[in-house]
Structure formats: C-alpha cells, structure tokens
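J.: below are the sequence and a predicted model; questions follow.
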Amino acid sequence: MPDHPRLLHTAIDARDCRRLAEFYRVLLGLHYRDGEEPPGDGAPDDADWLVLLDDDGRRVLAVQEKRDTTAPTWPAEDVPLQMHLDFTVSSVEELERHRRRAEELGARLLHDRAQDHDEPLYVLADPAGHPFCLLVQ
C-alpha cells in the first residue's frame, strides 16, 4: 500500500468545457477518455466534465464547466492566479514553435521572457484566461 496519495489529474474550471479541453488536447497531444469525444454531425455538446489522457492512458487534465468563473488578471491581483501550469520544452527553437502553436490554438501572450539566458520562458493565457508557462529546461 502506498504511503501517500497519488495525483490523479489536475482539474481546471472553464465556462466552455469543450473549448478548453480541445485547446489542451491539441497543445499537449492528449486524447479524451472513451466516450467523451466531441459529438459529431452538429449534435449539441453538453459536456460539463472532460478527462484528457496521455498515450499510456494516464489522466493528465480534467476540465470542469463552471459558468461563474472569472479569469485571473495576472500580473494584476484583482482576480488572483490561484494556480497555473508549467510546461517544459527542450530548446529555444522549441519554445518559439510551441508559443506559435499555442497562439494558433487560442492562447494569448501575457509575458515574454524568451531572451532570459538562464530560463527563457513565455507566460500565456489559455482560451479561458488561465495563465500557463512554456519554458526551456
């Protein structure tokens, strides 16, 4: 029996559950848990909880519909950050590529520290406004 609880996944609140799940699915190369794929043929999407898995079937992220959520206002503290995600890439070239991909998927740039020689990074906001970092490590 393990001595400690094990992290199952990180859950993120969003007004539009599917839109945010799709953003992270494409950005991170994940896939939906069986039965949670987007409906086809213009059918309404009433998803209020979606789980994203890695290639080994491990849970990575869950997205929960929360209609009254307010996006953080980082770097201002009007609406606190509360949490954020950090994603590493292997090089500055990969950092630039993934920044462009994230923006094409609907992210917006909040802070540019790509020229920092010790730890190049970008802070972006996902489509629901949650900040996340892309950094070279």
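T.: Nice, thanks for sending it over.

J.: going forward, measure contacts and count neighbours with C-alpha atoms only.
T.: Noted.

J.: quick one: contacts for the residue sitting nearest the centre point of the chain?
T.: With distances taken as CA atoms, centre = their mean, residue 24 lies nearest the centre of the chain, 4.6 Å away. By CA atoms under 8 Å, 6 or more residues apart in numbering, the contact list for residue 24 reads residue 30.

J.: so it belongs to a helix, correct?
T.: Yes: remark: residue 24 belongs to a helix, assigned using DSSP: H, G, I helix; E, B strand; the rest coil.

J.: how far does whichever strand or helix holds residue 63 sit from its chain's centre?
T.: Secondary structure assigned from DSSP states H and E places residue 63 in strand 59-65. Using CA atoms, centre = their mean, to the nearest Å, the mean C-alpha position of strand 59-65 is found 9 Å from that of the whole chain.

J.: which strands or helices does it pack on?
T.: Counting contacts by 3 or more CA pairs under 8 Å, 6 or more residues apart in numbering; DSSP states H and E, strand 59-65 packs against strand 10-14, helix 17-28, strand 49-53.

J.: and that strand, average pLDDT?
T.: Mean pLDDT, strand 59-65: 95.
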